[in-house]
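A.B. asks: Next one to model:
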Amino acid sequence: MNTPASFFMLLALLSLLAAPAHSTPEDDPSPGDLEQLRERYSKRLEELGPTPQERLAEVAVDAKQRAEIRERIENFAYIQQQGGTRKIRWKRRDEVVKAYGVKATLFLCEVLGSKRYWSARTAAQALTALAGQEPKQVRWLAMRDDAPSALIAAFNSGPAYELVGYHLNLDAALRALTGLNPLADELKLSKQASEEEARAEGKRARALWQKAYAKHRQAWLDEEQKRARERRELERKLDLIERGVDPERRADEERSG
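C.D. replies: Residues are numbered from 1 along each chain as shown. Okay, the predicted model is just below:
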């Protein structure tokens with residue numbers, strides 16, 4: 001019995017349909033297409049800014065410098081029996097800012113919650129100055145260490161006769177490190193304010209800053225996580241391009257498959 005030729009033609013057609021697809025030269029991405037994608041992804045990666053590891057590497061110091069910076073900050077607490085103490089502190093504060101710049105940021109953040117009142121207060125002043133010089137980097141480092149929380153907690157601490165000045169320093173540092181200004185009408189204080197008035201205003205300032213900073217902190221954490229995810233995805237796509245694969249075509253194939 002002879003099998004009709006049409007039967008063999010049908011079998012051949014079915015085998016072709018069942019065979020795995022192989023890319024043809026027309027399907028392969030051209031070097032020009034991949035280069036355009038590489039440029040686009042690389043540009044976006046640059047827009048995302050440095051990674052946390054890169055930011056920390058920029059301010060890293062050796063053991064000798066760490067010891068020097070900590071010693072200088074510890075000396076903020078200097079007190080002498082008669083006159084000149086305030087000017088000496090200011091001089092030491094300015095020397096740290098000038099000598100180490102942004103590299104002093106994390107060390108200053110360390111002492112914001114210190115029981116050594118003058119160390120904490122002078123560190124807050126130094127951070128205000130640094131944030132004016134390198135706002136992006138100093139703000140990022142301060143947010144990483146949650147420094148604003150220590151500043152907020154410091155309202156109404158310290159000697160009663162220094163409350164007004166400290167409150168003003170704390171508010172200035174918080175505004176410099178966060179870009180927020182919940183006390184839009186400024187602190188309602190004068191140097192002649194009584195202790196009771198100063199403490200009432202400190203309590204108000206702490207409450208307003210806690211509310212504003214809680215939202216700001218969460219938004220910052222969310223943004224950092226979003227940047228990290230996008231950075232990982234861009235790096236994955238760039239790795240595919242290095243292997244000659246079009247990441248967008250690969251994504252379309254995965255969605256359709």
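A.B. asks: Tell me which stretches of the protein form helices.
C.D. replies: Secondary structure of the chain (DSSP state H): helices located at 5-18, 31-47, 52-58, 63-74, 85-100, 105-110, 117-133, 135-144, 147-153, 163-178, 195-242, 247-256.
A.B. asks: Now do the second one and helix 195-242, the angle between them.
C.D. replies: Using axes from the mean of the first three to the mean of the last three C-alpha atoms, to 10 degrees, the inter-axis angle of helix 31-47 relative to helix 195-242 is 170 degrees.
A.B. asks: How about the contacts made by the closest residue in space to residue 197 that isn't next to it in sequence?
C.D. replies: Distances taken as C-beta to C-beta, 6 or more residues apart in numbering place residue 189 nearest to residue 197, at 7.2 Å, with adjacent residues excluded. Heads up, the C-betas are built off the backbone N, CA and C, glycines and all. Counting by C-beta atoms under 8 Å, 6 or more residues apart in numbering, residue 189 makes contact with 164, 167, 168, 197, 198, 201.
A.B. asks: who wins for neighbours among those residues?
C.D. replies: Greatest neighbour count in these, by other C-beta atoms under 10 Å, goes to residue 167: 25 neighbours.
A.B. asks: Name the residue closest to the centre of the protein, please.
C.D. replies: residue 140 (3.3 Å; C-alpha atoms, centre = their mean).
A.B. asks: so that residue touches residue 55, yeah?
C.D. replies: Yes: applying C-beta atoms under 8 Å, one finds residue 140 in contact with residue 55, separated by 6.0 Å.
A.B. asks: Give me the nearest residue to residue 165, chain neighbours excluded.
C.D. replies: Per C-beta to C-beta, 6+ apart, closest to residue 165 is residue 191, 7.7 Å.
A.B. asks: ok, that neighbour to residue 120 distance?
C.D. replies: Residue 191 sits 21 Å away from residue 120 when distances are taken as C-beta to C-beta, to the nearest Å.
A.B. asks: ok, now residue 171?
C.D. replies: 15 Å.
A.B. asks: Check residue 215 too.
C.D. replies: In terms of C-beta to C-beta, residue 215 sits 25 Å off from residue 120.
A.B. asks: Same check on residue 63?
C.D. replies: Relative to residue 120, and taking C-beta to C-beta, residue 63 is found at 24 Å.
A.B. asks: more crowded one of these two?
C.D. replies: residue 120 (25 against 7).
A.B. asks: Quick check: the closest residue to the more buried one other than its chain neighbours vs residue 154, distance?
C.D. replies: Leaving aside its chain neighbours, residue 120 sits nearest to residue 114 (4.7 Å; criterion: C-beta to C-beta, 6+ apart). Separation of residue 114 from residue 154 (C-beta to C-beta): 10 Å.
A.B. asks: related to what we said a few turns ago, closest to residue 185 out of the helices of the chain?
C.D. replies: Nearest of the helices of the chain to residue 185, taken as C-beta to C-beta: helix 195-242 at 10.4 Å.
A.B. asks: same for that closest one, what does it pack against?
C.D. replies: On a contact count with 3 or more C-beta pairs under 8 Å, 6 or more residues apart in numbering; DSSP states H and E, helix 195-242 meets helix 31-47, helix 147-153, helix 163-178, helix 247-256.
A.B. asks: Could you dump these into TSV and include distance to residue 222 and mean pLDDT?
C.D. replies: Converted to TSV, the helices and strands packed on helix 195-242 look like this (distance: least, C-beta to C-beta, whole Å; pLDDT from 0 to 100):
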stretch	distance to residue 222	mean pLDDT
helix 31-47	18	90
helix 147-153	17	98
helix 163-178	15	96
helix 247-256	25	73
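A.B. asks: In JSON lines, list the ones you listed along with distance to residue 85.
C.D. replies: Below are the helices and strands packed on helix 195-242 laid out as JSON lines (distance: least, C-beta to C-beta, whole Å):
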{"stretch": "helix 31-47", "distance to residue 85": "48"}
{"stretch": "helix 147-153", "distance to residue 85": "23"}
{"stretch": "helix 163-178", "distance to residue 85": "14"}
{"stretch": "helix 247-256", "distance to residue 85": "63"}
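A.B. asks: With that, I have no additional questions.
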